[in-house]
Structures are given as structure tokens and as C-alpha cells.
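[1] here's my sequence, what's the structure:
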Amino acid sequence: MNQELIKVDWLKGIKVLLIAHYIPGPLAAYLLKCLGAEVVKCEPPFYDYMRQLPPFIKGKKGKMSAYFRALNAGFKNVVVDFKNEDGVEVLKDLIIASDILIDGNRANYLNKVLGEAVSNINPDIIHIPITAYGLKGPMRDIAGHDNNILSLAGTLSYSSVSAQGTPSIFSAQLADITSGYIAAIIAISSILGKRNSDSNVEIGTVDASMLHAAFFLNQIYIAGMNTTEKPPAPGKELLNGGLPNYTMYLTQDEKSIFFGPIEPNLFKNFCKTTCREDLMSLLNKDNSKLYDELTRLFKSKSLKEWEDLLHNCDCCFTRVNNLKEAINDPQIKDLGLITEVEDEAYGTLSLTGFPAGFTENSLQPDFTEPAPEPGEHTHEILKDLLSYNSEKIEKLIRSKAVYK
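    Numbers count the residues shown, from 1 in each chain. Here you go, the predicted structure:
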């Protein structure tokens, strides 16, 4: 008899109010949604800027940003004008009805809109602002995007060097993504803390800025500076290409591979498999010569030849996939990291799965739910969540305090 699958709804009953655009806030809310929370996204009349970013997927409802679809799937949506007095009252009621507020605006913006602190309106709400530079300090009111934050944090300074001689821009939005994950951790931890009778911590507002996240990425290098007193440099450190046994190489057919056996026993496995035991004598003694030898060695075979040779060799050898190759990689597929979704409006979409694996008897998070259109659930949210009657809702729509 087949065992019934169990839905992963650990956060069932938790209501999240999302007032944020772009990546960090929606990503945090998306993670909570995957774990069972209900997310209400509150957008202004000019909508989330992410809706305007290409590429666009096209379907029955016209077009939608592929990025917006990925980050906002399954959210309920209400459009509220914060410049309208009645709209502000709606916002206050949304805050009262929520357990968690993920706030992606500039420092203290919502407090100014509300005319009072969020905590005054709902003392029990967990307010998580994700600003660029934090809630205090000389840069708290300044705009900033991912690589602005990484630049200030020092994180970009030891990345690879571009053709212009400047640090290379990171391809993945590290500060955006890390701050989103940290915000989700704070949300879940605060829920647990409120239920823990041994916890005396007053939660209130927790500053989860992108700068907090970006600077934390420097953790091991900051620790290392206690002894070296020198800042890390691109391609010179143990874990950013400074070791010949932890760096990139090219194969005969110009394919990139990453070779990372920093443990001597793993490097020894490689040397034995390739019949190059002589390289062991160079390890940690003459890194320059070892790099030259490995460069020539990897250039002697194609990528396929190397993969065939090292298939059963435990030596941290990995091809560098592009994203199309990664999507089709059997390891990626076996972990369920890519999922095919049938979107009623936009057809078949390939999307990332949840970034953790549940037990085999667990029903995986539902990724088929579409991303909402602006104001798609305005009437439903005002009626069901806020208990507004039809007359009040229509009045709010006519006064343009809310939109549907």
C-alpha cells in the first residue's frame, strides 16, 4: 500500500505581509510560502519594479517578467496607495492582521507613511526591514543595489579581476539572495522564540539589511586578518584561486574545469589515477611550478577524456556547467532542484525547486501556483482577511485607496 504523502506546511497559519520589490524581500517571503505560510504582497499603484524587468514570458494574460514569476509565485496580491489617507488605514489593518512584516523599503519609510512605529500598530508583529545599508549610520537613507553593497562591504575587492583591471561583478546577486535567506531565518527563529517559554527576547524590529548579509560573507577573511593584517587579494588566497589545487583550468577543447583537492589525500588520489605521483612533491612547496604542471596536464586531454578518466577518482574535479547544462545534469535532476511547472497562463516553465530535500513521504512545495497580477486579490483580502463589507470595499476602490 502506498504511503500517503505528507504536505510540508510547517508554517501553516502564519500570515506574512510583504511590502518589497526586486529580490531580497520576495525571496524571503517565497521561502516562507514554500513552508506553508500565507503571503500577502502589498504593492503600490506603480507596482513592483521587478514586473518591468526582461526577459518576459508570454501567454493568455499577455506578458510577465520571468524574474517576477519566479520570486512571487503563490502570493496573494493587494494594491494600496500609501499616499491616500484611506489607503494608510488599510495598510494599518493589514499590519494588525499579520504575524510577519517583510519590509523592503528605505529605512523608516513605513513608519513615516503610518505616522507611527509599526510596533505601535501591532506590538506582536515581527518586523523585518531589508534595506540597502541598514537602519542607522550615515548611509541609511541612500539607495543601493547588490554590487554597491558588496563594494562597500569589501566583498568585491578580492573577487576575480576584469579585463579593465577592476574587480569583477558577481553574476549571482549575493547580497540580495543572502539577505533574503537571513530574513527568512529571522522570521522562522522569531516564531519559534515566541513559542519558547524559556526565551525572554523581545523581537520587535530586526534589521536584516543587505549590508549585514554582504559583510557576513567576509567572515573567514576577517578572522584571517587578525594574523596577516593584510586584506585578501583576488586570486591570492587559499579559497579564491591562490592555490594550484583549488582553482580553474582549461582542457584541450577549451572547456573550463574546477580542480579543488585541498586535502592531501584527495590530491594523492588524483596523482595516482593520472600516474603523476611526482606532483605530490610539489604540493605546498612549489605552488608556481605545480600550477604550470597542472595547466599543461589538463590541456593534454579533452573534457570528456578527463571525466572518463576521473569518473571514479575522489579528487574534487568538476566541469563548469553553463545553466542549460546544469539544468540537465543528472545530479541536479535527482535532487529535484529543477522542476517543470504547468502555469495556466504561461504554459510549461522550468523553475528551481526548494533549496532543501524533504523525506520521500513528503509532498514537495507546490510551485504550480502562478504569480499574481496587480490587485488580483484585493477584494478577497479586504473581505476575508480584514473583514471589510462590500460597501466599504467599493468605497475604497472608488477613492483609489486600493486598486483591483
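[2] give me the number of residues near Leu294?
    Close neighbours of Leu294, defined as other C-beta atoms under 10 Å, add up to 20. To be clear about C-beta, it is placed using only N, CA and C from the backbone, and glycine gets the same treatment.
[3] against which helices or strands is the strand or helix carrying Ala214 packed?
    Assigned by DSSP states H and E, Ala214 belongs to helix 210-216. Helix 210-216 is packed against helix 146-153, helix 174-195, with contacts defined by 3 or more C-beta pairs under 8 Å, 6 or more residues apart in numbering; DSSP states H and E.
[4] can you lay out those helices as TSV showing mean neighbour count, mean pLDDT and distance to Ala70?
    TSV is the format used below for the helices and strands packed on helix 210-216 (neighbours: other C-beta atoms under 10 Å; pLDDT from 0 to 100; distance: least, C-beta to C-beta, whole Å):
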stretch	mean neighbour count	mean pLDDT	distance to Ala70
helix 146-153	22	97	16
helix 174-195	20	95	12
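[5] need these in a markdown table (columns: distance to Gly59).
    Shown next, in a markdown table, are these (distance: least, C-beta to C-beta, whole Å):
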| stretch | distance to Gly59 |
| --- | --- |
| helix 146-153 | 29 |
| helix 174-195 | 27 |
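[6] out of those helices, the one nearest Glu373 is which?
    helix 174-195 (23.0 Å; C-beta to C-beta).
[7] quick one: mean pLDDT for stretch 69-88?
    For stretch 69-88, mean pLDDT is 97.
[8] now that stretch - C-alpha only, PDB.
    Taking Å, rounded to 0.1, in the frame of the first residue of the first chain, the C-alpha atoms of stretch 69-88 are listed here in PDB:
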ATOM      1  CA  ARG A  69       7.100  34.900 -11.800                       C
ATOM      2  CA  ALA A  70       9.900  33.000 -10.100                       C
ATOM      3  CA  LEU A  71      10.000  35.100  -7.000                       C
ATOM      4  CA  ASN A  72       6.300  35.800  -6.400                       C
ATOM      5  CA  ALA A  73       4.600  32.600  -7.200                       C
ATOM      6  CA  GLY A  74       1.700  31.800  -4.900                       C
ATOM      7  CA  PHE A  75       1.400  35.200  -3.300                       C
ATOM      8  CA  LYS A  76      -2.000  36.900  -2.800                       C
ATOM      9  CA  ASN A  77      -1.800  40.500  -4.100                       C
ATOM     10  CA  VAL A  78      -3.400  43.800  -3.000                       C
ATOM     11  CA  VAL A  79      -2.600  47.200  -4.400                       C
ATOM     12  CA  VAL A  80      -2.800  50.000  -1.900                       C
ATOM     13  CA  ASP A  81      -2.000  53.700  -2.300                       C
ATOM     14  CA  PHE A  82       0.000  54.800   0.700                       C
ATOM     15  CA  LYS A  83      -0.500  58.500  -0.300                       C
ATOM     16  CA  ASN A  84      -4.200  58.100   0.200                       C
ATOM     17  CA  GLU A  85      -5.400  58.500   3.900                       C
ATOM     18  CA  ASP A  86      -7.800  55.600   3.500                       C
ATOM     19  CA  GLY A  87      -5.000  53.600   1.900                       C
ATOM     20  CA  VAL A  88      -2.900  54.100   5.000                       C
END
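[9] can you point out the buried residues in that stretch?
    Neighbour counts over stretch 69-88 (16 or more other C-beta atoms under 10 Å) mark 69-82, 84, 86-88 as buried.
[10] stretch 356-368 too?
    Pro365, Phe367.
[11] check stretch 129-143 too.
    Buried-residue list, stretch 129-143, by 16+ other C-beta under 10 Å: Pro129, Ile130, Thr131, Ala132, Tyr133, Gly134, Met139, Arg140.
[12] list the contacts of the residue nearest to the first one when sequence neighbours are not counted.
    Leaving aside its chain neighbours, Pro129 sits nearest to Asp103 (4.4 Å; criterion: C-beta to C-beta, 6 or more residues apart in numbering). When contacts are counted by C-beta atoms under 8 Å, 6 or more residues apart in numbering, Asp103 is found next to Ile19, Ala20, Gly25, Tyr109, Leu110, Val118, His127, Ile128, Pro129, Ile130.
[13] what's the spacing between the closest residue to the last one other than its chain neighbours and Ala143?
    Yep, that's Ile130 we're talking about. The shortest distance from Ile130 to any non-neighbouring residue, by C-beta to C-beta, 6+ apart, is to Pro24 (4.5 Å). To Ala143, Pro24 is 14 Å away according to C-beta to C-beta, to the nearest Å.
[14] ok, back up a step: in helices only, show me the contacts of Asp103.
    Gly25, Tyr109, Leu110, Val118 (DSSP state H).
[15] what does stretch 115-124 contact?
    Contacts to stretch 115-124, defined as C-beta under 8 Å, 6+ apart, come from residues 88, 92, 95-96, 98-99, 101, 103, 110-111, 114, 125, 127, 194, 204-205.
[16] what do you get if the cut-off is 6 Å, keeping everything else the same?
    For stretch 115-124, the surrounding residues in contact (C-beta atoms under 6 Å, 6 or more residues apart in numbering) are Lys92, Ile95, Ile96, Leu110, Asn111, His127, Gly204.
[17] most neighbours of all the residues you listed, which one?
    His127 (24 neighbours).
[18] quickly list what that one is bridged to.
    Here His127 sits in beta bridges with Leu101, Thr205, going by DSSP bridges.
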